[in-house]
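**Q** Sequence plus predicted model, see below.
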Amino acid sequence: MTPPLCPKHKKPMTECDGQFGPFFGCPEYPRCDMIAKRRPDGSAGPFSDKPTREWRKQAHEVFDAIWKDGRFTRSEAYAWMGKMMRMHSSKAHIESFDISQCRKLIGLVKMGVGIPPAPAQDGSGHGEPQRN
Ligand SMILES: [Zn+2]
């Protein structure tokens, strides 16, 4: 399997092992922080640089909240995302989003279009845990 080329530098990327598993890194690191996940078959997952990774992390946190608090089931949440992002839900994966898609998803969650209201909380209900 030939290594993937860094999308910025068009240079073959090197095999690395990190905290989150195997990945390909740009030979220009640390000047270039482009990485791609290394799959078990040796192929490369979606490329990302650091800003993209930060946006994906933020988008994931915002998105996960809408099913972790019970407004949607996980599969309903992914179906909602696919519909709102105009992507087939099998392709609507944050790990392959670019920054503009992450920003769009965060905006959609914040606007709450098509998302059921947050479950009623005991007490005044701003989603904060109540202490008696
Ligand atoms: Zn590079």
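**A** Nice, thanks for sending it over.
**Q** Going by C-alpha atoms from here, please, whenever you check contacts or count neighbours.
**A** Fine.
**Q** Can you report phi and psi for residue 36?
**A** Phi and psi for residue 36, reported as degrees, to the nearest 10, are phi -140, psi 140.
**Q** That one contacts residue 43, correct?
**A** No - between residue 36 and residue 43 there is no contact, the gap being 9.4 Å when judged by Cα atoms under 8 Å.
**Q** neighbour-wise, which of the two wins?
**A** residue 36 (23 against 15; other Cα atoms under 10 Å).
**Q** excluding its backbone neighbours, what's nearest the spatially most central residue of the chain?
**A** By Cα atoms, centre = their mean, the mean C-alpha position of the chain lies nearest to residue 94, the distance being 3.2 Å. The shortest distance from residue 94 to any non-neighbouring residue, by Cα to Cα, 6 or more residues apart in numbering, is to residue 56 (6.1 Å).
**Q** Same check on residue 115?
**A** Residue 115 sits nearest to residue 71 (Cα to Cα, 6+ apart), 7.3 Å away.
**Q** What strand or helix carries the one you found?
**A** Using DSSP states H and E, residue 71 falls within no helix or strand.
**Q** List the contacts of it.
**A** 115-119 (Cα atoms under 8 Å, 6 or more residues apart in numbering).
**Q** so how far is the least confident helix or strand in the chain by mean pLDDT from its chain's centroid?
**A** One helix or strand of the chain scores below all others by mean pLDDT, DSSP states H and E: strand 44-48, with a mean of 91. When distances are taken as Cα atoms, centre = their mean, to the nearest Å, strand 44-48 is centred 12 Å away from the chain's centroid.
**Q** Extract the CA atoms of it and return them as PDB.
**A** Taking C-alpha atoms only, strand 44-48 is exported to PDB below (Å, rounded to 0.1, in the frame of the first residue of the first chain):
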ATOM      1  CA  ALA A  44      -6.000   6.500   4.900                       C
ATOM      2  CA  GLY A  45      -9.100   7.900   6.600                       C
ATOM      3  CA  PRO A  46     -10.200  11.500   6.100                       C
ATOM      4  CA  PHE A  47      -7.400  14.100   6.200                       C
ATOM      5  CA  SER A  48      -7.500  16.900   8.700                       C
END
